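Colleague: Here is my input; please provide its structure:
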Amino acid sequence: MKKFDLFKTAQLIVTMILSVICMSQVLLNPAVSQKIATDSDMRLLCIMLWLVLGISFLFIFVDFTLYARQKKDFADLITTVTSDPLSRMANRFSVDSNIEQYDKNGIPEHFSCMMFCLTNIQKINFQYGRDDGNRVIQDFSMIMSLASRNLCFVGKNGGNRYLALFDEGSDEKIRLFESRIDAKIREYNADPDNRIIKYAYGTHPRVKVPQLISIS
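Modeller: Residues are numbered from 1 along each chain as shown. The predicted structure is shown next:
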């Protein structure tokens with residue numbers, strides 16, 4: 001697509017330069033202007049030339065319009081494929097794609113991952129309805145996304161489960177991530193208009209068995 005964009009831009013520039021040259025010859029050269037005014041064949045030739053240039057501009061404009069629409073449709077398709085429709089965060093496909101890179105490039109020396117699970121989402125759905133449950137999922141997803149900035153990749157691993165991947169999973173980064181989430185959840189749960197979020201998570205430094213920690 002980038003090559004096509006460059007090609008069409010170059011085509012537009014060349015067409016504009018030729019148009020300016022032709023118009024300058026007509027407007028700035030009295031002999032040419034006189035010839036066009038008195039010679040019907042020359043006038044017809046100029047009209048045909050201007051029609052060709054005008055049609056070229058039209059086709060280039062249509063190409064740019066279709067190209068812009070195609071880019072938008074492609075971006076929308078990528079968003080649809082890689083994003084969870086409810087939370088708008090990375091979905092299972094994106095999570096799997098990120099994991100696959102470790103098969104190709106190897107697992108970093110300080111790689112770590114964390115699994116998260118909303119533990120009371122079924123209770124919220126049952127007591128308050130699925131709309132409230134969906135809102136809790138959206139809010140928790142936003143909290144996860146905000147807490148992960150400059151630290152790790154986070155994605156929704158299906159249902160009420162989330163995965164965080166650390167290429168450089170130092171203890172400091174993991175503790176910072178945990179503290180960010182804890183602070184935001186406490187702030188969220190303190191609002192009486194929100195449903196209480198309860199979640200659990202476990203850390204997985206390389207091949208160690210994760211320890212499950214419940215947070216209420």
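
Colleague: Tell me the confidence at the residue of the chain most remote from its centre?
Modeller: Ranking residues of the chain by C-alpha distance from their mean position (CA atoms, centre = their mean) puts residue 38 at the top, at 60.0 Å. You'll see residue 38 listed with a pLDDT of 75.

Colleague: And it, how close does it get to residue 56?
Modeller: Separation of residue 38 from residue 56 (CB to CB, to the nearest Å): 28 Å. Where you see a C-beta, it was placed from the backbone N, CA and C, and this is true even at glycine.

Colleague: again with residue 185
Modeller: In terms of CB to CB, residue 185 sits 60 Å off from residue 56.

Colleague: More neighbours: which of those two?
Modeller: Under the neighbour definition other CB atoms under 10 Å, residue 185 and residue 56 were set side by side, and residue 185 has more, 20 against 17.

Colleague: In terms of helices and strands, where is the more buried one?
Modeller: Assigned by DSSP states H and E, residue 185 belongs to helix 171-189.

Colleague: For the helix or strand that that helix is followed by, the averaged confidence score.
Modeller: Following helix 171-189 in sequence order, the next helix or strand is strand 199-205 (DSSP H and E). Strand 199-205 shows a mean pLDDT of 80.

Colleague: Check which helices and strands strand 199-205 is in contact with.
Modeller: strand 112-118, helix 171-189, strand 212-215 (3 or more CB pairs under 8 Å, 6 or more residues apart in numbering; DSSP states H and E).

Colleague: Could you dump the ones you listed into a markdown table with mean pLDDT and distance to residue 28 added?
Modeller: Converted to a markdown table, those look like this (pLDDT from 0 to 100; distance: least, CB to CB, whole Å):
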| stretch | mean pLDDT | distance to residue 28 |
| --- | --- | --- |
| strand 112-118 | 90 | 71 |
| helix 171-189 | 92 | 68 |
| strand 212-215 | 41 | 79 |
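
Colleague: what's the most buried one of these?
Modeller: Most buried of those, by mean neighbour count (mean count of other CB atoms under 10 Å): strand 112-118, with a mean of 20.

Colleague: by contact count, what packs against it?
Modeller: So strand 112-118, by 3+ CB pairs under 8 Å, 6+ apart, packs with helix 130-147, strand 161-166, helix 171-189, strand 199-205.

Colleague: rerun that using 7 Å as the cut-off
Modeller: Packing partners of strand 112-118 (3 or more CB pairs under 7 Å, 6 or more residues apart in numbering; DSSP states H and E): strand 161-166, strand 199-205.
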